[in-house]
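Visitor: Sequence isn't available, so here's the structure alone:
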């Protein structure tokens, strides 16, 4: 089976916090995002940048995918971030407030053939220009959309509440365009820290909307995210039945077959294979 990288849980950590970085090497998240932007005070940005590069080069993160969120490429801090990350070996650089393709091209020019790009989708303009941003993926190495729900809500002046109703059309659009372009799509953070049921409910909502995983702001949110975005035993069992049926010699070359009284097509086979790839990757 082709290697699949799970991104059920992507935890933001301030790169200025050495203890947090060390702890990240032991956490059960799929992605660690070392933050140089919002979580770092202006006077600490240079030190945080050095710490992030050192963390990348020191390694020790195991199976976790390591990403660094840089400052905006049109700022002095962002320019310095990209220069430092160019040959660092980091898996991806997350760019804040990507509102048009030009930001991606600027970052790619600074990074050369280095790390992939992830884009924060957190402005009204980004939502309007989302297809154009996605269309720049082949030329810029864009690999993922990460929704910034807090910034979006602020700019829209909407009040998401527990249901996030005002944002749901936007979340659908982000997933739709991501799938069109073959990109990963990660849901925005939950601001709830101590209510596991509420965190899990928001993760479940993201799963139902089609996201690959959830961005997180606290280690306590990792377990709920992993539970939700890991296929259930029933889903795994069904995926195995579907793949086994299509692999059977009697169904060779068929585009649609019958499995336990249900009509199953090649699109269902593709989803079944993805389900099994997630389970294999996380060792479930």
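Guide: Perfect, thanks for sending it. Everything quoted here is computed from the prediction, not taken from an experiment.

Visitor: rest of the way, CA atoms for contacts and neighbours
Guide: Will do.

Visitor: I'd assumed residue 117 was in a helix, is it?
Guide: No: counting by DSSP: H, G, I helix; E, B strand; the rest coil, residue 117 is not part of a helix but strand.

Visitor: residues in contact with it?
Guide: Residue 117 is in contact with 92, 93, 94, 95, 104, 108, 140, 141, 142, 143, 144, counting by CA atoms under 8 Å, 6 or more residues apart in numbering.

Visitor: check contacts around the spatially most central residue of the chain.
Guide: Nearest residue to the geometric centre of the chain (CA atoms, centre = their mean): residue 186, 3.7 Å. By CA under 8 Å, 6+ apart, the residues touching residue 186 are 7, 144, 145, 146, 147, 211, 212, 213, 214, 215.

Visitor: Each with direction, which strands does whichever strand or helix holds it pair with?
Guide: Residue 186 is part of strand 184-187, with elements assigned from DSSP states H and E. If you go by DSSP bridges, strand 184-187 pairs up with strand 142-147 (parallel), strand 213-216 (parallel).

Visitor: after that strand comes which helix or strand?
Guide: According to DSSP H and E, the helix or strand after strand 184-187 is helix 196-209.

Visitor: list the helices and strands that next one packs on?
Guide: Contacting helix 196-209 under the criterion 3 or more CA pairs under 8 Å, 6 or more residues apart in numbering; DSSP states H and E are the following elements: helix 168-181, strand 213-216, helix 222-229.

Visitor: so which of these comes closest to residue 268?
Guide: Nearest of those to residue 268, taken as CA to CA: helix 168-181 at 16.1 Å.

Visitor: what mean pLDDT does that closest one have?
Guide: The average pLDDT for helix 168-181 rounds to 97.

Visitor: what does stretch 113-125 give?
Guide: 97.

Visitor: cool, and stretch 216-234?
Guide: pLDDT averaged over stretch 216-234 gives 96.

Visitor: Tell me how far that stretch lies from the chain's centre.
Guide: Put simply, stretch 216-234 sits 13 Å off its chain's centre (CA atoms, centre = their mean, to the nearest Å).

Visitor: Repeat that for stretch 45-55.
Guide: On CA atoms, centre = their mean, the centre of stretch 45-55 falls 22 Å from the chain's centre.

Visitor: Can you mark which positions in it are buried?
Guide: For stretch 45-55, the neighbour count (16 or more other CA atoms under 10 Å) marks 45, 46, 48, 49, 51, 52, 53, 55 as buried.

Visitor: and which of the residues you listed is nearest residue 249?
Guide: residue 55 (50.4 Å).

Visitor: give the contact list for the residue lying closest to the closest one once chain neighbours are set aside.
Guide: Computed as CA to CA, 6 or more residues apart in numbering, the closest residue to residue 55 that is not its neighbour in sequence is residue 21, at 7.5 Å. Residues in contact with residue 21, defined by CA under 8 Å, 6+ apart, are 13, 14, 15, 34, 55.

Visitor: How much space separates residue 21 from residue 61?
Guide: Distance of residue 21 to residue 61, given as CA to CA, to the nearest Å: 10 Å.
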